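[1] Return atomic coordinates for the entry below.
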Amino acid sequence: MYTDNDFIRLDWATKYVLRDKSDFEVFEGLMTVLLGEPVKIIELLESESNRENKDAKSNQVDIKAKNSKDEIILVEIQLEHQTDFLERILFGVSKTITEHVGKGQKYANVKKVYSVNILYFNIGVGKDYIYHGKNTFTGLNTGDTLMFNKREKQGYTRKKRANIFPEYYILRVNQYEKETADTPLEEWMLYLKEGYIRPDTTTPGLQKARECLRVLSMSDQDRKAYERYLYNKNYEEDVVETAREDGWFEGFDEGEAKGKTETLREIAQKMKSEGLDETTIHRFTGVQFGFLDGIP
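    Down below sits the predicted model:
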């Protein structure tokens, strides 16, 4: 039985609910808290991965938006582990930059891009639940940061020329272990992990989320679809966790090339025998669908 304090998960909401300008306030709040400055989203931009997808098992959710500074914000919610995830976010940022510089335009027209990645799996080794990275130029001998003189800054509006480079944020949702929240960012992490929003919240974006993301506000049809989505996600997680406990992936993560293809095929066979669909299997193993034809 749902209550007024049950809220739709952000991955589902991103795909099916938060698509209108009236709902941009939710993402504006998250970006404002994360970037430490007010963010106003002007519009959602079209990309291959943010087009509406009725496959509720789709692993990836993207928002591609433009803010009032004419900068691009990419938001990706990733539910399951992918070994090439870092390479993919680099490719996504690079593709976005080239898409927004027309032929014959000056390089000064390059757009600043923020890549925000909300992950529900463990990646890397670290104690924090949020990491931030960007491009800077540091002296190998002196350790100072390369700055630019007045002539180089002339006609340029950013405070530092290096601010043209992309910035990356990785939110490791599973690493947030507190049961309470003392800061706006912690409030967002608590919602992302537990679906909880304080009734008296003043955190940017979460006030709007309390209004538009209540499960009780969904139609019966949408609620049933949402429940199927949650069931599918839980089932996939259970099967994958069982696979790891049973040693299906044992020896694979060491990076040994020998036998890797055959190991992946064996894992794919086991996953199909457990009832996982081919899209999910391909996501985890990379095994092409043709190989799975005829496997019971």
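[2] hey, let's count contacts and neighbours off CA atoms from now on
    Fine.
[3] Quick check: next helix or strand after the helix-or-strand element of the chain with minimal mean pLDDT?
    Per-element confidence for the chain was summarised using mean pLDDT, DSSP states H and E. The lowest value among helices and strands belongs to helix 150-153, with a mean of 52. Scanning forward in sequence from helix 150-153 by DSSP states H and E, the next helix or strand is strand 167-172.
[4] and that next one, how far from the chain's centre?
    For strand 167-172, the distance from its own C-alpha centre to the chain's C-alpha centre is 9 Å (C-alpha atoms, centre = their mean, to the nearest Å).
[5] packing partners for that strand?
    strand 113-119, strand 130-134 (3 or more C-alpha pairs under 8 Å, 6 or more residues apart in numbering; DSSP states H and E).
[6] and that strand, what's its mean pLDDT?
    Per-residue pLDDT values across strand 167-172 average out to 95.
[7] Can you give the strand pairings for that strand, parallel or anti for each?
    Strand 167-172 has its sheet partners listed here by DSSP bridges as strand 113-119 (parallel), strand 130-134 (antiparallel).
[8] Output the last one as CSV - backbone C-alpha positions only.
    When you say that, I think you mean strand 130-134. In CSV, the C-alpha atoms belonging to strand 130-134 read as follows (Å, rounded to 0.1, in the frame of the first residue of the first chain):
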residue,chain,number,x,y,z
ILE,A,130,30.7,11.7,-5.2
TYR,A,131,33.7,12.5,-7.3
HIS,A,132,34.4,15.5,-9.6
GLY,A,133,37.0,15.8,-12.3
LYS,A,134,38.0,18.4,-14.9
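[9] list the buried ones in that strand?
    Residues of strand 130-134 classed as buried by neighbour count (16 or more other C-alpha atoms under 10 Å): I130.
[10] swap in the first one?
    Residues of strand 113-119 classed as buried under the neighbour-count rule (16+ other C-alpha under 10 Å) are 113-119.
[11] For those, work out which two are farthest apart.
    Spatially, the most separated pair among the buried residues of strand 113-119 is V113 and L119, at 18.9 Å (C-alpha to C-alpha).
[12] Return, as residue ranges, the portions of this structure with sub-threshold pLDDT.
    Per-residue confidence for the chain (pLDDT under 70) gives these ranges: 46-61, 103, 148-162, 237, 239-261, 263, 283-284, 286, 288-296.
[13] Turn the buried residues of strand 113-119 into TSV, columns for distance to L45.
    Supplementary listing: these in TSV, determined by distance: C-alpha to C-alpha, whole Å:
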residue	distance to L45
V113	13
Y114	14
S115	14
V116	15
N117	17
I118	19
L119	22
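[14] Where does N141 sit: helix, strand or coil?
    Under the three-state scheme (DSSP: H, G, I helix; E, B strand; the rest coil), the conformation of N141 reads as coil.
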